[in-house]
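Got a predicted structure plus its sequence, pasted below:
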Amino acid sequence: MELGIGAFGDASRDPRTGTRISEAQAVRNVVESIVVAEQAGLDWFGLGEHHVPDFPVSAAAPVLAAAAQVTNRIKLSSAVTVLSTDDPVRIYEQYSTVDAISNGRVEMIPGRGSSIESYPLFGYDLQDYDRLFADKLDLLLEVNRSAHVTWEGTTRPTLTGQYVPPRAEHGQIPIWLGVGGNPNSVIRAASLGLPMATGVLGGSATRSSTNAQLYRHAAQQFGNTPEQTLIMLGSPGFLMQDGRQAREAWWPHWRQFMKTVGEQRGFLPPDRASYERDTAAGGGLLIGSPEEIAERILLMHEHWGHVRQYIHIDMGAVPQKDLLHAIELFGTEVRPLVQRELGNTSVDQLIGRASMPAVSVSGAAS
Amino acid sequence: MTVPINRVAILGAGRVGTSIARTLVDAGYEVTLAGSGRPANVEMIAAFTAPGASARWAHEATADADLVILALPLHRLSSVNPVVLAGKLVIDAMNYWPPVDGTIAAFEDAPAGSSVVVRELLGISHLVKTFNHTGYHDLEPDRRPAGHPERLGMAVAGDVAQDVALVAELINRIGYEPVALDRLEHGQQLQPGTPLFGARPTADDIRRSVTSSVVHSA
């Protein structure tokens, strides 16, 4: 089991002080978090894409590139790439470039994303979403497979053997399909032979694990190999040594985040009662002490059988020093507790990808 | 339309459709799901996410249904052939939700609410709005039997009293206190942006919140 961190890059207003950090500082904070995640022994870091003041990381690839230069081991991924409003050829070029800088540590999660601001920004029609996503995913997978791309679809002119550099050095870049929980998307992941990245974003930690059963069954129907049939899960998470203190500390930030989302989307923020329910044993918010969170991940693993769990940490302006401390606890305390039960097989081993030697920029093994 | 509801067809096998399907199967209804894909895919979805429900093409699922539930994204409404709904009792569980799903011209100017537009677009007469104000992830855990102190409410809005009564009984059976609203256009007060949307209200909360409406407990 691998453990990792997910982030957006957070410049939202701190509910306690009323202040904001700059958007530029939010970008730099992410790079710092990635470095600390590697130092804490974590396996993976995923970075989202938004185009709003609260979450100003609009271009994940250069942020991952900066982190690639100052890390050696941790996997670097998008979480998620809003594929429908981007150019799959350009996405591949950017991530294969980061793959080169990082010596083969890049992954991608293309998905719809949960916000829609990129559609008007890049001139796309949201009502065209299904066609855009299917077409662009098909092209992204083809560019990942073939250096010379021959491809035909409905959202752009035909490609007739054009070369797309730089080619990833260690074979195809691992691509997980981002699935929000819709069972049709689960079947899509299986039908394409892709591993699935999905989330438990509150509520029950285990109820939606029927999607894991559906995914495995569908994968079998489509004749996929076990290497193709992998699940990773992301959940909001925050840790402090004392679990109760963690839940107290995180509540104003979570409420602030959900309040902002609710104001945009027309629903009320969660009440404290539902927060207590969702952070208690069995709940889908991974907020607590290292022991509590390790236990939750083991419970989730019983139901989901996933191979990687990440916690999404930066929402509602949690101070950076508290985030870094949570990352440290997740790596140094939760990871050993989880791996003691589930082992430390890496995703690379599971997908039959040669583990990358940690190579420094000068080429010397570190 | 005085026959009690037994067979229910759900159009839409996504998160909303499958969670409604589970609650109906639990309550003893005969449930058929129809999705945008082949029944073989929907069958897989049903087998794992709504065991006990069967899967068919939409026109087959609706043919012998006592009730049809629209649980698809609103922008896919045009994929529903209105002919299969003719004369049927239909629930609109959908929402017009531009911040999440983008704008749809036909729903931008809807002074009487999105369900009235749905009824006009489909050219049907027996449309009832319910389920829409409850989150799909809350629908199952929040069910409570009648008389339970923590039982929550569910609004049921429609123009035909008989239709509302039939649907209210179904809502009661799955585990919510139905609050009947006697006009489909009162469904406006259940839409995104209203105090009831996603709020897990009790029946009294709904009665207090819904204004300018004849509210009577079914």
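Sure, I can see it. Note that the structure is a prediction, hence the values are computed from the model and not measured.

And for B:Pro111, the neighbour number?
Here the count is done by other C-beta atoms under 10 Å in any protein chain shown, and B:Pro111 has 8 residues near it. For every residue, glycine as well, the C-beta is placed using N, CA and C.

Which positions in chain B make contact with chain A?
B:13-15, B:18, B:35-37, B:41, B:44-45, B:47-49, B:75, B:97, B:99-104, B:137-138, B:140-141, B:191-195, B:197-200 (C-beta under 8 Å from any C-beta of the partner chain).

Apply the buried test to these and list what passes.
B:13-15, B:18, B:35-37, B:41, B:44-45, B:47-49, B:75, B:97, B:99-102, B:104, B:137-138, B:140, B:191-192, B:194-195, B:197-200 (16 or more other C-beta atoms under 10 Å in any protein chain shown).

Those in helices, which ones?
The helices in this structure, assigned by DSSP state H, contain B:15, B:18, B:41, B:44-45, B:47-49, B:99-101, B:137-138 from these.

Identify the farthest-apart pair in those residues.
Maximum pairwise distance among these (C-beta to C-beta): 33.7 Å, between B:Ala47 and B:Pro99.

what distance separates stretch A:232-239 from the centre of its chain?
What separates the centre of stretch A:232-239 from the centre of its chain is 10 Å, taken as C-alpha atoms, centre = their mean, to the nearest Å.

List the buried residues of it.
Within stretch A:232-239, the residues that count as buried by 16+ other C-beta under 10 Å are A:Met232, A:Leu233, A:Gly234, A:Ser235, A:Pro236, A:Gly237, A:Phe238, A:Leu239.

Report the separation between the fourth one and B:Val128.
According to C-beta to C-beta, to the nearest Å, A:Ser235 and B:Val128 sit 36 Å apart.

And the helix or strand containing A:Met300, what's buried?
Assigned by DSSP states H and E, A:Met300 belongs to helix A:290-304. For helix A:290-304, the neighbour count (16+ other C-beta under 10 Å) marks A:Pro290, A:Glu292, A:Ile293, A:Ala294, A:Glu295, A:Arg296, A:Ile297, A:Leu298, A:Met300, A:His301, A:His303, A:Trp304 as buried.

Please read off the pLDDT at the closest residue to A:Glu23 other than its chain neighbours from the model.
Nearest residue to A:Glu23 in three dimensions, chain neighbours excluded: A:Pro56, at 3.7 Å (C-beta to C-beta, 6 or more residues apart in numbering or on different chains). In this model, A:Pro56 is scored at 96, pLDDT.

cool, A:Ile116 as well?
At A:Ile116, the pLDDT value in this model is 87.

State the number of residues packed around the residue lying closest to it once chain neighbours are set aside.
With sequence-adjacent residues excluded and distances taken as C-beta to C-beta, 6+ apart, A:Ile116 is closest to A:Leu126, at 5.6 Å. For A:Leu126, the count of nearby residues is 19 (other C-beta under 10 Å).

again, but for A:Leu64
Residues contacting A:Leu64 under the criterion other C-beta under 10 Å number 30.

now do B:Gly52
B:Gly52 has 15 nearby residues by other C-beta under 10 Å.

how near is it to B:Asn41?
Separation of B:Gly52 from B:Asn41 (C-beta to C-beta): 18 Å.

Please enumerate the helices of the chain.
Defaulting to chain A. Assigned helices in chain A, in chain order: A:23-39, A:60-69, A:88-101, A:118-122, A:129-145, A:183-191, A:210-221, A:243-265, A:272-279, A:290-304, A:320-329, A:335-342, A:347-350 (criterion: DSSP H).

ah, no, chain B please
With DSSP H as the criterion, chain B has helices at B:15-26, B:39-49, B:58-63, B:98-101, B:105-108, B:114-122, B:136-139, B:161-174, B:203-209.

got the buried residues for the first one?
What that stands for is helix B:15-26. B:Arg15, B:Val16, B:Gly17, B:Thr18, B:Ser19, B:Ile20, B:Ala21, B:Arg22, B:Thr23, B:Leu24, B:Val25, B:Asp26.

Isn't the second one up against B:Ala93?
In this case it means B:Val16. Yes. B:Val16 lies in contact with B:Ala93 (C-beta atoms under 8 Å); the separation is 6.1 Å.

shared neighbours of these two, anything?
By C-beta atoms under 8 Å, 6 or more residues apart in numbering or on different chains, B:Val16 and B:Ala93 have these common neighbours: B:Ala71, B:Phe131.

and the nearest residue to B:Thr211 once chain neighbours are set aside, how many neighbours?
Nearest residue to B:Thr211, sequence neighbours excluded (C-beta to C-beta, 6+ apart): B:Gln189, at 7.2 Å. If you count neighbours by other C-beta under 10 Å, B:Gln189 ends up with 21.

In chain A, which residue sits closest to chain B?
Residue nearest to chain B within chain A (C-beta to the nearest C-beta): A:Leu126, separated by 3.1 Å.

Against B:Met94, how distant is that residue?
Using C-beta to C-beta, A:Leu126 is found at 16 Å from B:Met94.

same deal with A:Arg156?
In terms of C-beta to C-beta, A:Arg156 sits 32 Å off from B:Met94.

Could you check which of the two has the larger neighbour count?
Neighbour count, other C-beta under 10 Å: between A:Arg156 and B:Met94, B:Met94 has more, with 25 against 14.

Report the contact partners of that one.
Contact analysis of B:Met94 by C-beta under 8 Å, 6+ apart lists B:Leu70, B:Ala71, B:Leu72, B:Pro73, B:Leu74, B:Leu77, B:Ser114, B:Val118, B:Asn132.

got JSON lines for these, with neighbour count too?
Shown next, in JSON lines, are those (neighbours: other C-beta atoms under 10 Å in any protein chain shown):
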{"residue": "B:Leu70", "neighbour count": "27"}
{"residue": "B:Ala71", "neighbour count": "27"}
{"residue": "B:Leu72", "neighbour count": "23"}
{"residue": "B:Pro73", "neighbour count": "21"}
{"residue": "B:Leu74", "neighbour count": "20"}
{"residue": "B:Leu77", "neighbour count": "20"}
{"residue": "B:Ser114", "neighbour count": "24"}
{"residue": "B:Val118", "neighbour count": "25"}
{"residue": "B:Asn132", "neighbour count": "26"}
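
Among the buried residues of stretch A:232-239, which are located in strands?
Mapping the buried residues of stretch A:232-239 onto strands (DSSP state E) picks out A:Met232, A:Leu233, A:Gly234, A:Ser235, A:Pro236, A:Gly237, A:Phe238, A:Leu239.

Tell me who's in contact with the last one.
Contacts for A:Leu239 were tallied using C-beta under 8 Å, 6+ apart; they are A:Ala246, A:Ile287, A:Gly288, A:Ser289, A:Pro290, A:Ile293, A:His325, A:Ala326, A:Leu329, A:Phe330, A:Val334.
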